[in-house]
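for reference, the sequence and a predicted model appear below.
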Amino acid sequence: MRLLARYNRVTLVTTVVVMLITGFIYYVAINLILIRDVDKDLEVEENEVLAYAKQNDRLPQVFESNDQQISFYRATPETVRRHFLDTLYKVTPNPAHRRHHHNGERYESGRGLITSVSAAGQFYKVLIVKSTVETEDLVQIIFFITIGVILLLLLTLFLINRLLLNRLWQPFHTLLKELRIFNVADNKDIPRIETSIDEFKELNHAVTSMSSRVKNDYKDLKTFTENASHELLTPIAVINSKLDSLLQTGDFSQRQSKLLNDLYGSVSRLTRLNQSMLLLVKIENRLVEDRQTVNLKTAIEELIIQFEEIFHDKELIVECRLTDKGLHTSPYLFDILLNNLVGNAIRHNCLGGNIVILLDKEKLTIKNTGDKNPLQSEHIFTRFHKSSGSDGSGLGLTISKQICENLGFKLSYLFEDIYHTFIVIF
Amino acid sequence: MKILIIEDEQGLRESIEEYFSEAGNICESVSSYQDAIARVNLYRYDCIILDITLPGGSGIDILKNLKERNHTDGVLIISAKNSLDDKLEGLDLGADDYLVKPFHLSELRARVSAIIRRKSFSGNNLLQFNELSIDLLAKAVKVNDHQVKLTRKEYALLLYFIANKGKVVSKNAIAEHLWGDGIDMANNFDFIYSHIKNLRKKLLEAGSHDYIQASYGMGYKFTDQ
């Protein structure tokens, strides 16, 4: 969720809730005030009736007035308790009443006062009712005004967000774009952005200093990689050349030959391990940028010719179904990827096994027979994870995975039927 | 042939010098940038084996120096920096080849031989070894005017052997030369044996002497002695 959307949601919900609560308080307060007003009117009327009855010892004549009715009922003394009540106000059809034009009698909400009076020796219950339609109209108006204010406020907030906030966040988006295209390998620095907002200034400052720090670290790392390579490979080169020289000295016993062979094997393994580690560092630091159009079909066919004797040596049956596919990618890295995956398919195969290589427009699939059990797919891509008895470096799949990440491919493993299957999705 | 080795690592320098020293070869070596500059400005060589990382300077600068003075010495860079940039820069500057450490001496020798062949046989692409003659352009091999049909790998193998004649070449070195880095997934190097057997058979059938000798189960030796 975007910050703006989140912020909008919170402010809008708060605004609406506050406005609704305010509306409710308005409603209650105004209702109370108006009812007290009506009650006062009713008491005035009561006083008039009582005064009239006291003076004249008879009931006053009842007449219809606007929104007010008085009725008298005979009653036994002491049964009437004086109180106010919400009741209905009966409207008799009268052209003077504009409000309701229906036929027959109608009821409006009203407020009544029950009291008692004695006149001519008779005890009466008096009901005075006033219509409260006007009050309700007022409440309705308040309600609409509240709604109106809410809508107006929402609109204002929306416009402010739309216009002002987008502009305020502009430096942030600029910075984000710069960060996305940031590449430690090139020399371009993150530019200073023009803004008067302190937070963004701070962010910009932090990002700029971070990028230069990262670039320095990267440079150090590259230097370290090269130094490490030099320091480690030079002694290995010496061992290698000394072995070659030793070989020229002639006359070895069977036992010495065996020892020399083992030495050769170990030195070449050491070499490969070292080179794999350096390659991995190099790829992880994205030091290889040599993209060009590569014909994958040709690359695979060349590799198969290259490995022909090795296939033959292990009596492997290789099945290829390749479609023409060109890809803009690094030929150097793709070659390593291919070499690693096909190499694994050979190395972990059984004598007389199968290798299937499928290439179509979307993906490259390399399947091989071998161990009957599936590999643990969560571990195989981690460094130095090796199947028992493997004489590989344990870095092959890590390198493959990293290459796929660099080139924007997806590498996955699955086990179907008897085949260990590696799929590279372009 | 006259060869200069510019390499600061004593062990490696001595091994290379020893491997290249034989009758008819002049092999000199220096270990620092200053010595190297002094030497290459005084004498000419068929091939200079050049290390990049040297005390006192970079091998790249020696290469630049050579090219600025229009010297045509063959240059083979040997470097532990397996970095693509270095390799491309070296080759762009006019180096003839680039070999990453560690390498087999036989591989180095084969590369140096190839460079010298390219430099000195201009117009003449024939390589002669006793009754064997190899047309390097047509990649055709003849024994006393008898054409021998070799596969690509057998041809490469023969060139490799001739470049390293008289030396024991290990099976590892042969395998890496013919198959590159991919070789490590093979069970053993027995399949090399079949290539060598075929090459030997074809040469013998065409009337050549038997030059290929197995050596203590570790490698092979191509020799006319």
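Arrived safely.

now A:Lys325: closest residue in space, sequence neighbours ignored.
Sequence neighbours aside, A:Leu296 is the residue nearest to A:Lys325 in space, at 4.6 Å (criterion: Cβ to Cβ, 6 or more residues apart in numbering or on different chains). Just so you know, the C-beta spots here come from the backbone N, C-alpha and C atoms, and that holds for glycine as well.

looks like the one you found contacts A:Leu327 (just checking).
Yes: shown here, A:Leu296 and A:Leu327 form a contact pair, counting by Cβ atoms under 8 Å, at 5.9 Å.

who touches both of those two?
By Cβ atoms under 8 Å, 6 or more residues apart in numbering or on different chains, A:Leu296 and A:Leu327 have these common neighbours: A:Phe334.

how is chain B carved up into domains?
Chain B breaks down into these domains under automatic domain parsing: B:2-120, B:126-222.

show me the strands in chain B, by range?
All strands of chain B, identified by DSSP state E, fall at B:2-6, B:26-30, B:47-51, B:53-54, B:57-58, B:74-79, B:97-100, B:126-129, B:132-135, B:140-143, B:146-148, B:168-170, B:212-215, B:219-222.

can you check which of these gets nearest to chain A?
Closest of these to chain A is strand B:168-170, at 4.6 Å (criterion: Cβ to the nearest Cβ).

is there contact, residue-wise, from that closest one to chain A?
Yes: residues of strand B:168-170 contacting chain A under Cβ under 8 Å from any Cβ of the partner chain: B:168, B:170.

other SSEs contacting that strand?
helix A:198-247, strand B:219-222 (3 or more Cβ pairs under 8 Å, 6 or more residues apart in numbering or on different chains; DSSP states H and E).

switch to 10 Å and redo it
On a contact count with 3 or more Cβ pairs under 10 Å, 6 or more residues apart in numbering or on different chains; DSSP states H and E, strand B:168-170 meets helix A:198-247, helix A:254-284, helix B:105-120, helix B:152-163, strand B:212-215, strand B:219-222.

rebuild the strands of chain B as CSV, extending it with distance to B:Ile16 and mean neighbour count.
CSV is the format used below for the strands of chain B (distance: least, Cβ to Cβ, whole Å; neighbours: other Cβ atoms under 10 Å in any protein chain shown):
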stretch, distance to B:Ile16, mean neighbour count
strand B:2-6, 5, 22
strand B:26-30, 8, 17
strand B:47-51, 7, 26
strand B:53-54, 15, 20
strand B:57-58, 20, 14
strand B:74-79, 9, 24
strand B:97-100, 11, 19
strand B:126-129, 23, 13
strand B:132-135, 25, 17
strand B:140-143, 29, 18
strand B:146-148, 32, 14
strand B:168-170, 15, 26
strand B:212-215, 21, 16
strand B:219-222, 18, 23
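
quick one: the strands in chain A, in order.
Per DSSP E, chain A carries strands over the ranges A:68-74, A:83-91, A:106-119, A:122-131, A:292-295, A:317-322, A:326-329, A:354-359, A:363-368, A:410-416, A:419-425.

quick check: angle from the third one to strand A:122-131?
I take that to be strand A:106-119. Using axes from the mean of the first three to the mean of the last three Cα atoms, to 10 degrees, the inter-axis angle of strand A:106-119 relative to strand A:122-131 is 150 degrees.

now do the lowest-mean-pLDDT helix or strand in chain B against helix A:198-247, angle only.
Within chain B, no helix or strand scores below helix B:84-92, which has a mean of 75 by mean pLDDT, DSSP states H and E. Helix B:84-92 and helix A:198-247 are oriented at 60 degrees to each other (the same axes, to 10 degrees).

just the buried positions in helix B:84-92, please.
Using 16 or more other Cβ atoms under 10 Å in any protein chain shown as the test for burial, helix B:84-92 gives B:86-87, B:89-90.

ok, now stretch B:31-50?
Those buried within stretch B:31-50 under the rule 16+ other Cβ under 10 Å are B:31, B:33, B:36-37, B:39-40, B:45-50.

let's have those in a markdown table, adding pLDDT and distance to chain A.
Output for those, formatted as a markdown table (pLDDT from 0 to 100; distance: Cβ to the nearest Cβ, whole Å):
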| residue | pLDDT | distance to chain A |
| --- | --- | --- |
| B:Ser31 | 92 | 13 |
| B:Tyr33 | 93 | 16 |
| B:Ala36 | 93 | 18 |
| B:Ile37 | 93 | 21 |
| B:Arg39 | 92 | 22 |
| B:Val40 | 91 | 23 |
| B:Tyr45 | 91 | 20 |
| B:Asp46 | 90 | 21 |
| B:Cys47 | 92 | 17 |
| B:Ile48 | 94 | 18 |
| B:Ile49 | 94 | 12 |
| B:Leu50 | 92 | 15 |
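
this completes my enquiry, with thanks.
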